[in-house]
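> Pasting a predicted model and its sequence here:
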Amino acid sequence: MSRFNISHETIINAPIESVWKKLIAIDDWEWNRWTKLKADSLAEGMEGKLVASYEGNDEWKEFDFRFGKVSESEHLLTWVGSVGPKGCLFSGHHTMRLEAMNENENKTRLIHKEEFGGLLAQLGLGLPFKTLDRNYLLMNESLKKCVEEKQ
């Protein structure tokens, strides 16, 4: 575990299926100015490229990633990346999970986390952690806005 781990929760005023549909449409993340996932399919073990714009300004950095668990029944999307043997230098485990809050209210809780490991994360090196923390919250708010406007 790293002291730089990130966790944000956002309530979205929309049914869980509407949010899930938008979340897993990785080829159409127009709502997300900070992260793009490029892969041939959305399946556990599938490798791809993650491109990140730390300032949301179309300046992108590219990283290798692999999808972890992707579960429609659990409304769970995960991906992982690492540097060095078994992530000894750096690793990240990214999770976006949805929970239905109340079937009658059509509200969804988005739980968005990343856990970092490896030597660089322990030292606070390798990524701009403070910026990522801000960006994950902005991603949540942007997905919320996108889904709610389409209701």
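Great, that's in hand. Residues are numbered from 1 along each chain as shown.
> can you dump the C-alpha coordinates of stretch 129-139 into PDB?
The C-alpha trace of stretch 129-139 is given here as PDB (Å, rounded to 0.1, in the frame of the first residue of the first chain):
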ATOM      1  CA  PHE A 129       0.000  11.800  -7.500                       C
ATOM      2  CA  LYS A 130      -1.600  15.100  -6.400                       C
ATOM      3  CA  THR A 131      -2.600  15.800 -10.000                       C
ATOM      4  CA  LEU A 132      -4.000  12.300 -10.400                       C
ATOM      5  CA  ASP A 133      -6.000  12.600  -7.300                       C
ATOM      6  CA  ARG A 134      -7.600  15.800  -8.700                       C
ATOM      7  CA  ASN A 135      -8.100  14.200 -12.100                       C
ATOM      8  CA  TYR A 136      -9.900  11.100 -10.800                       C
ATOM      9  CA  LEU A 137     -12.400  13.400  -9.000                       C
ATOM     10  CA  LEU A 138     -12.800  15.400 -12.200                       C
ATOM     11  CA  MET A 139     -13.300  12.200 -14.200                       C
END
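> What are the buried residues along it?
For stretch 129-139, burial by neighbour count (16 or more other CB atoms under 10 Å) applies to 129, 132-136, 139. Quick note: C-beta positions are derived from backbone N, CA and C, even for glycine.
> What of stretch 139-151?
Neighbour-count burial for stretch 139-151 flags 139-140, 142-144, 146-147 (criterion: 16+ other CB under 10 Å).
> could you dump those to a markdown table with distance to T78 and pLDDT?
A markdown table is the format used below for the buried residues of stretch 139-151 (distance: CB to CB, whole Å; pLDDT from 0 to 100):
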| residue | distance to T78 | pLDDT |
| --- | --- | --- |
| M139 | 15 | 98 |
| N140 | 16 | 98 |
| S142 | 20 | 98 |
| L143 | 16 | 98 |
| K144 | 20 | 98 |
| C146 | 21 | 97 |
| V147 | 20 | 97 |
